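>>> sequence first, then the predicted structure:
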Amino acid sequence: MTNLTRRNFIKIGAAGTATVILAGCDSDERWVKIETYVRSPEEEVAGNPKWFATTCRQCGAGCGVIARVINGRAVKLEGNPEHPVNRGALCARGQAGLQVLYNPDRVQTAARQDGRATRNYEPIPWNTGINQLAEALNSAGSRVAVWVGTTTPGHLVDLFTRFTDAVGAPAPVRYDLNAGFGGYAPLSNASEGVLGQAGLPTYGIGDADFILSFGAEFLGSWISAAGYGREYGEFRSKRIGKARGYLVQLEPRMSNTAASADRWIPVHPGTEVLVAQAILRLIADGSAGSQERRDLAGQFAGDVDLEEIAEQTDISVETLQTLATTFANASRPLAIPGTPVTGRDNATEAVNAINALNVVAGNLGGSGGISLTPAAPINALAAPTYSNYQDAADLIAAMTNGEIDVLLVHGANPAFELPASAGFQAALENVGLVVSFASIVDETALYADLLLPDRVYLEGWGYDVATPGFQGLPIVSGQQPVVTPLYDNVAAADVLLTAAKSVSGAASALPWTDEVAFIKDIVTQLPEAAYPAEGDDVKWAYFLQHGGWWPAEAPESEAPEVSLGGPVELGPAMYEGDPAEYPYFLHLYMSPILGDGSGASQPWLQGTPDPMTTIAWQTWVEINPRTAEELDLDDGDIVRVSSPNGTIEAPIYRYPAIRPDTLAIPIGQGHEALSRYAKDRGANPVQLVSGTPGNDGNIAWSTVRVKLEKQGENKPLAVFESTVDQGEDVHIPF
Ligand code: SF4
């Protein structure tokens, strides 16, 4: 086995100094050891900053980052202005990445847990940990499972996939809250109908002039916040030949995106597809827009009763008519299905119902419409695929049946991200060895036998095929260390490459000496990029300098094959829970600050006020002030929220911009681990949804009813602005 423990770490080159990088590219010079401030590296000039281009991994969007480093310490992160995903933008989570690196609760070495969830960790030498893993993998054969998330770097997913292929195990399950709540699987599946092939689509927000968003929180935490935030800026700008865009947001609770919209329509929960069906009918029967659009709308419009839809959706026929007319007359209208659509029953069909509007708009496969990210020009860099919840549930079933001997988990936290009824923790009891690569002990790592903490992204290498990509470009984001690793941790890719050398059948499939050799091998196969670079070494150096690879121009794309044949006739979503017992609709949303909950480990994010309520550091339950009055509830009153699946307790926040029949709760808090900042803070509302896969293999995030019980206790909210009471002029729209 290769001795990793005494090898030092990879030397990094500053952006803009290609010769330095080239000099550092031979195998010996790539490794340096950790130095403290008092012993700064020789080439460091005190107070002289360096900038490194790398990739943000606070979510899976793959934004480009520039890290400012002074005296060997990363001090500031900004968006990479060159990177086509975010073009210099960086969301709050991206900015807080320094606290991933410098978090005091990081696991600092390999460790063995003496009994699951005992929290008795015994540090072990890395060689011991890797040997134990190799032995377990060798005896497991094909009875190995890998569970990764959207933040697991693409190169590591590729290595895991090569490994599982080699030993005859199923491909890694790539499922986490970002993928599940973001609706990656139904969005991907529905692409087949309008774009001719499956894949996570890109919505051309920047080039659209009218957007109908069915609850897509693209200015919050939906799929690619910085990328879509940048696109939104373009949508609003009045460029030559394009009017300033007009945005209508339909959702039961005013989100960040709805607050920025020209019009927020608090649609009745679960009836979004009815709105789409009504608009199609009205376009088909009306005189707005081109004849072609009217004909296409006629193809997709079912036999609907507009008065009935108006009653079901709480949107008047006049408003539906206005939406239809504006959509038909717009030059580049766009319809976007968000979590209220992808988190319901028959989610793929529901997305198809919204996509029918995009077919009518005629903006498929190009700017201002929906398109698939073009494939990178080498097979080794295929666009990532994401699992549906059904795949995760199948793996849990295999674990429960004792069919899995070794489970490897990286970049996902199923013990937190899945409802308890999914049975993940219980299934672990029948798995021989659970290995976590988490850099901070999270809820899943609590159940691991072996902790092999990966380096965090600001000290590690990697690449990612950015999905969704933007501007029609295939984009490979590049990741490099911006500081020397803080602790004696070994990159997960190096752990796997080393362990695989002892595993029967795997060694020849993973022949690379180390992680960098693998990444360099792949990257140097790429053709000419937007920047000129000839020869493997220069190409590699420029990949690091620019923060990735992308061509200067988008490749020619062929018109997609649309196979959506006729009307999608779906009724309102089916809700779980008897309305007599559970009178309120539950509207979960992913915190725009904490994201999938991993941000809860970072105090900057904990202390950042939620953009709509200004609340920080806790979980709250949003309720319409009129409903609160009926129930004699005040801000801070602790309530128990129960669904047929579970119960949580949290304080009330009276929020005027929510329907009276709906309660909204942000996801992100409620951890029992994940650092001192996250632990025992707030509640995890994921426990209110069902862990049984819906008829589309997804989790029904948006279709649960709940009830409220006042607990007789009041806890002041950590709120930064005035409450509803303090502003007499506050307009309550219901
Ligand atoms: S959207 Fe935000 S968190 Fe996600 S990669 Fe981009 S900057 Fe990072």
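Looks like it arrived, so ask away. Residues are numbered from 1 along each chain as shown.
>>> tell me, how many residues neighbour Trp264?
20 (other CB atoms under 10 Å). From N, CA and C alone the C-beta is placed, and that goes for glycine too.
>>> report the separation between the residue lying closest to Thr524 once chain neighbours are set aside and His546.
Nearest-residue entry for Thr524: Asp536, 4.2 Å, with adjacent residues in sequence omitted and distances by CB to CB, 6 or more residues apart in numbering. Asp536 sits 16 Å away from His546 when distances are taken as CB to CB, to the nearest Å.
>>> and those two? which has more neighbours close in?
Higher neighbour count among Asp536 and His546: His546, with 20 against 14, using other CB under 10 Å.
>>> need the residues of the stretch 201-350 of the chain near the ligand, please.
224-226 (CB under 6 Å from any ligand atom).
>>> quick one: which of the residues you listed sit in helices?
Members of these lying in helices (criterion: DSSP state H): 225-226.
>>> give the PyMOL command for selecting the buried subset of the residues of the stretch 201-350 of the chain next to the ligand.
With 16 or more other CB atoms under 10 Å as the criterion, this PyMOL line picks the buried residues out of those:
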select buried, resi 224+225+226
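>>> in TSV: the residues of the stretch 201-350 of the chain next to the ligand, plus pLDDT.
Converted to TSV, those look like this (pLDDT from 0 to 100):
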residue	pLDDT
Ser224	97
Ala225	95
Ala226	97
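>>> any chance of JSON lines for the residues of the stretch 201-350 of the chain next to the ligand, columns distance to Gly286?
Listed next are these as JSON lines, based on distance: CB to CB, whole Å:
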{"residue": "Ser224", "distance to Gly286": "35"}
{"residue": "Ala225", "distance to Gly286": "36"}
{"residue": "Ala226", "distance to Gly286": "38"}
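>>> pick the one among the residues of the stretch 201-350 of the chain next to the ligand closest to Ile130.
Ser224 (35.0 Å; CB to CB).
>>> packing partners of the top strand by length along the chain?
Counting by DSSP state E, the longest strand found in the chain is strand 705-714. Under the contact criterion of 3 or more CB pairs under 8 Å, 6 or more residues apart in numbering; DSSP states H and E, strand 705-714 touches strand 584-590, strand 637-642.
>>> residue numbers of this structure in contact with the ligand?
So far as CB under 6 Å from any ligand atom goes, the chain lies against the ligand at 56, 58-59, 61, 63, 86, 90-91, 93-94, 224-226.
>>> how about these in a markdown table, adding secondary structure?
Output for those, formatted as a markdown table (DSSP: H, G, I helix; E, B strand; the rest coil):
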| residue | secondary structure |
| --- | --- |
| Cys56 | coil |
| Gln58 | coil |
| Cys59 | coil |
| Ala61 | coil |
| Cys63 | coil |
| Asn86 | coil |
| Leu90 | coil |
| Cys91 | coil |
| Arg93 | helix |
| Gly94 | helix |
| Ser224 | coil |
| Ala225 | helix |
| Ala226 | helix |
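>>> is it true that Asn138 touches Lys501?
No - if you go by CB atoms under 8 Å, Asn138 and Lys501 don't touch, sitting 10.7 Å apart.
>>> thinking again about what came up before, got a list of contacts for the longest strand of the chain?
Here strand 705-714 makes contact (CB atoms under 8 Å, 6 or more residues apart in numbering) with 575-579, 581-586, 621, 623, 631-634, 636-644, 649, 651, 663, 688.
>>> the stretch 351-500 of the chain: helices as residue ranges?
Assigned helices in the stretch 351-500 of the chain, in chain order: 389-400, 414-417, 424-428, 492-500 (criterion: DSSP state H, counting those that start in this stretch).
>>> in TSV, list those along with mean pLDDT.
Shown next, in TSV, are the helices of the stretch 351-500 of the chain (pLDDT from 0 to 100):
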stretch	mean pLDDT
helix 389-400	98
helix 414-417	98
helix 424-428	98
helix 492-500	98
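>>> among these, which is nearest Arg68?
Comparing these by CB to CB, helix 492-500 comes nearest, at 26.4 Å.
>>> packing partners for the closest one?
Counting contacts by 3+ CB pairs under 8 Å, 6+ apart, helix 492-500 is packed against helix 126-140, helix 154-167, helix 515-523.
>>> export those to a markdown table and tack on mean neighbour count?
Formatted as a markdown table, the helices and strands packed on helix 492-500 follow (neighbours: other CB atoms under 10 Å):
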| stretch | mean neighbour count |
| --- | --- |
| helix 126-140 | 20 |
| helix 154-167 | 21 |
| helix 515-523 | 20 |
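>>> any idea which of these gets closest to Phe470?
Closest among the helices and strands packed on helix 492-500, using CB to CB: helix 154-167, at 16.9 Å.
>>> contacts for the closest one next, please.
137, 140-142, 144, 146, 148, 169-172, 174, 380-381, 384, 408, 410, 461-465, 492-493, 496-497, 500, 503-506, 508-510, 515, 518-519, 522.
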